[in-house]
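*Asks:* Got a predicted structure plus its sequence, pasted below:
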Amino acid sequence: MKLFLSILIAALLGSTAALAQHSSDLQFNRMMKESFRSQGMAGVDRIIQDATQRFCSDPKLVSTAAGMKKAEEIQKLNMASIAPPSDGQYLGDWKNGEAIAQSGRGDTWSDTASTPNGGGCYNCHQINQKEIAHGNIGPSLWNYGKNRGYSQEVLVYTWNRISNSKAYNACSNMPRFAHFKILDQKQIQDLMALLLDPASPVNQ
Amino acid sequence: MMAWSVQVFSQSTADDIAKYREMIADGNPSELYEMAGEELWKKPSGPKNASLEKCNLGLGPGVVDGAAAQLPKYFKDTNRVQDLESRLMTCMQTLQGIPSQSIIDAKFGEGPKKDMDAIVAYVVTHSKGQKVHVSTSHPQEKVMYELGKRAFYYEAGPFDFSCASCHGSDGKRIRLQDLPNLTTHDGAIAGWGSWPAYRVSSGQFWTMQQRLNDCFRQQRFPFPIYGSEVTIALSMFMAKNANGGIIQTPGLKR
């Protein structure tokens, strides 16, 4: 545990090593390290940021010219991590997809590994119009395929967006579902069907 | 047309919730917590068998009126910035001899944290209707605000969320739950000014410490230690952004 903690400290300190070591950085990193403890699935290692998270935690930088250049790099990095479906199938079962879109479960300290994760899609998106309890952080996905068509290009784009939204928008609010293994391949195929199966209620 | 109907729908839902709040406002169960809290404040307890009546929440020993309105603030005796819960822990430790760790380790709504809920309800009721007036004139208060701001935008964990993911822009909802934009004055007063609150749906009274704890849970972060610096820093960020706004605590939530 002691060794683990010292690795954590090193990682936290290392994350700002490229910048000048301002005392405010040291103070902030110390605060983040000391303020959390592991609980259930949520270990203290979750405080360590990757390059994307570090970049997106600085809203001032994001809006500058240097920030926009950096955003392109971040997008490339995320694009490179996306894998196409191993069986070549983009579309699964939209009915399963609807259930995955409805569930907001997963990865909190009160969840267990045996409970399947949800996509939490309705938290932020309108999808099936019949579901009125939807959020608005993301755009409406109603008539997703009907509006965009069912071409290979749309299939690949949508697959990539669900897998790693930050490949297109470095600081998108959407979780990187494949990158962090929140959803498995079959679940993503089922969500794809919800959006892109012509028979899905979303496209009626 | 669609955007219009969604907006109308959302507006009427918000109206319904406001009406519902009005309807039950006369019987906010927080009053029961407040009464229990007043008793706990005055009752000698702990190894030192003392009450909290000499507790200084920033306006002098025993002053409860308006005390919550000026927290978090810097305290000379502890040489740190404290929010209401962490300050109460200091009072319990020094006046009553109750170890803070026993409160930090307890589960929400149980044991010493249950007593804390009641005492918090008592204290915040005595700032209801007053204006938030949090100071950032002490250097440590200023630092705390900056740390809180940085923590607010700190993105991490498997979902890439920060506080700002949900509370950083106007007019956002998760499902049908409106999300105040805590970076603005109006949003901060809507958020900071209505917690601690009684939650009707779950029949629970939640302190700000518990509210933040559940935000971090949903962010997929590790567990924020009760009264830890990050919770105080975020409170400082919200409270200062809410300065001048009217306090409505204890709030009443669905």
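*Replies:* Everything's here; your move.
*Asks:* can you give me the strands in the stretch 1-150 of chain B?
*Replies:* Under the criterion DSSP state E, counting those that start in this stretch, the stretch 1-150 of chain B contains strands at B:73-75, B:80-82.
*Asks:* Just put the ones you listed in a markdown table and tack on mean pLDDT.
*Replies:* Rendered in a markdown table, the data for these read as follows (pLDDT from 0 to 100):
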| stretch | mean pLDDT |
| --- | --- |
| strand B:73-75 | 98 |
| strand B:80-82 | 98 |
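*Asks:* Quick one: closest of those to chain A.
*Replies:* strand B:80-82 (11.7 Å; C-beta to the nearest C-beta). Heads up, the C-betas are built off the backbone N, CA and C, glycines and all.
*Asks:* List the strands paired with the closest one, with their directions.
*Replies:* With DSSP bridges as the test, strand B:80-82 is paired with strand B:73-75 (antiparallel).
*Asks:* For the stretch 101-250 of chain B, give me the ranges with low pLDDT.
*Replies:* Nowhere does the stretch 101-250 of chain B drop to pLDDT under 70.
*Asks:* Give me every residue in it that's in contact range of chain A.
*Replies:* B:143, B:146-147, B:150-151, B:153-162, B:164-166, B:171-177, B:216-218, B:220-225, B:228-231, B:233 (C-beta under 8 Å from any C-beta of the partner chain).
*Asks:* so which of the strands of the stretch 1-150 of chain B gets nearest A:Asn164?
*Replies:* strand B:80-82 (39.1 Å; C-beta to C-beta).
*Asks:* Which residues outside the closest one are in contact with it?
*Replies:* Residues outside strand B:80-82 that contact it (C-beta atoms under 8 Å, 6 or more residues apart in numbering or on different chains): B:Leu71, B:Pro72, B:Lys73, B:Tyr74, B:Phe75, B:Thr90, B:His138, B:Gln140, B:Glu141, B:Met144, B:Ile232, B:Met236.
*Asks:* Which residue ranges of chain A form strands?
*Replies:* A:36-37 (DSSP state E).
*Asks:* Buried ones among the contacts of strand B:80-82?
*Replies:* B:Leu71, B:Pro72, B:Lys73, B:Tyr74, B:Phe75, B:Thr90, B:Glu141, B:Met144, B:Ile232, B:Met236 (16 or more other C-beta atoms under 10 Å in any protein chain shown).
*Asks:* Mind checking which of those land in helices?
*Replies:* Among the buried ones among the contacts of strand B:80-82, the members found in helices (DSSP state H) are B:Thr90, B:Glu141, B:Met144, B:Ile232, B:Met236.
*Asks:* tell me the helices in the stretch 151-254 of chain B, going along the chain?
*Replies:* B:163-167, B:185-192, B:208-218, B:229-241 (DSSP state H, counting those that start in this stretch).
*Asks:* Let's have the ones you listed in a markdown table, adding distance to A:Ser140.
*Replies:* Putting the helices of the stretch 151-254 of chain B into a markdown table (distance: least, C-beta to C-beta, whole Å) gives the following:
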| stretch | distance to A:Ser140 |
| --- | --- |
| helix B:163-167 | 18 |
| helix B:185-192 | 24 |
| helix B:208-218 | 23 |
| helix B:229-241 | 30 |
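*Asks:* of all the ones you listed, which lies closest to B:Ile103?
*Replies:* That would be helix B:208-218 among the helices of the stretch 151-254 of chain B, by C-beta to C-beta, at 10.2 Å.
*Asks:* What residues of that closest one count as buried?
*Replies:* B:Met208, B:Gln209, B:Gln210, B:Arg211, B:Leu212, B:Asn213, B:Cys215, B:Phe216, B:Arg217, B:Gln218.
*Asks:* Now do the phi/psi pair for B:Gly129.
*Replies:* The phi and psi values for B:Gly129, taken as degrees, to the nearest 10, are phi 90, psi -10.
*Asks:* For it, give me its contacts.
*Replies:* Applying C-beta under 8 Å, 6+ apart, the residues contacting B:Gly129 are B:Ile246, B:Ile247.
*Asks:* Tell me how far it lies from chain A.
*Replies:* 32 Å (C-beta to the nearest C-beta, to the nearest Å).
*Asks:* what do you get for B:Val64?
*Replies:* Counting by C-beta to the nearest C-beta, the gap from B:Val64 to chain A is 28 Å.
*Asks:* do B:Lys240 as well
*Replies:* From B:Lys240 to chain A the distance is 17 Å (C-beta to the nearest C-beta).
*Asks:* in chain A, what spans have low per-residue confidence?
*Replies:* A:1-21.
*Asks:* Now do the helices in it.
*Replies:* Counting by DSSP H, the helices of chain A are A:2-14, A:23-35, A:51-56, A:59-62, A:65-80, A:94-102, A:121-124, A:144-148, A:152-163, A:185-196.
*Asks:* Out of the ones you listed, which is closest to B:Met35?
*Replies:* helix A:23-35 (33.1 Å).
*Asks:* Briefly note if the closest one comes near chain B.
*Replies:* Yes: for helix A:23-35, a contact with chain B is found by C-beta under 8 Å from any C-beta, at A:Ser24, A:Gln27, A:Phe28, A:Met31, A:Met32, A:Glu34, A:Ser35.
*Asks:* so what's the backbone phi/psi at the residue most central in space within chain A?
*Replies:* The C-alpha lying nearest the average C-alpha coordinate of chain A belongs to A:Pro175 (C-alpha atoms, centre = their mean; 1.5 Å). Backbone torsions for A:Pro175, taken as degrees, to the nearest 10, come to phi -60, psi 150.
*Asks:* Run a quick neighbour tally on residue 133.
*Replies:* I went with chain A, as the question did not name one. For A:Ala133, the count of nearby residues is 13 (other C-beta atoms under 10 Å in any protein chain shown).
*Asks:* hmm, I had chain B in mind actually
*Replies:* Neighbours of B:His133 (other C-beta under 10 Å): 15.
*Asks:* before we move on, back to that, of the helices of chain A, which is nearest B:Gly60?
*Replies:* helix A:23-35 (29.6 Å).
*Asks:* Could you tell me which residues within that closest one count as buried?
*Replies:* Buried-residue list, helix A:23-35, by 16+ other C-beta under 10 Å: A:Asp25, A:Phe28, A:Asn29, A:Met31, A:Met32, A:Lys33, A:Ser35.
*Asks:* Direction-wise, compare it with helix B:208-218 and give the angle.
*Replies:* Interaxial angle, helix A:23-35 versus helix B:208-218 (axes from the mean of the first three to the mean of the last three C-alpha atoms, to 10 degrees): 90 degrees.
*Asks:* So which elements touch helix A:23-35?
*Replies:* helix A:2-14, helix B:139-152, helix B:229-241 (3 or more C-beta pairs under 8 Å, 6 or more residues apart in numbering or on different chains; DSSP states H and E).
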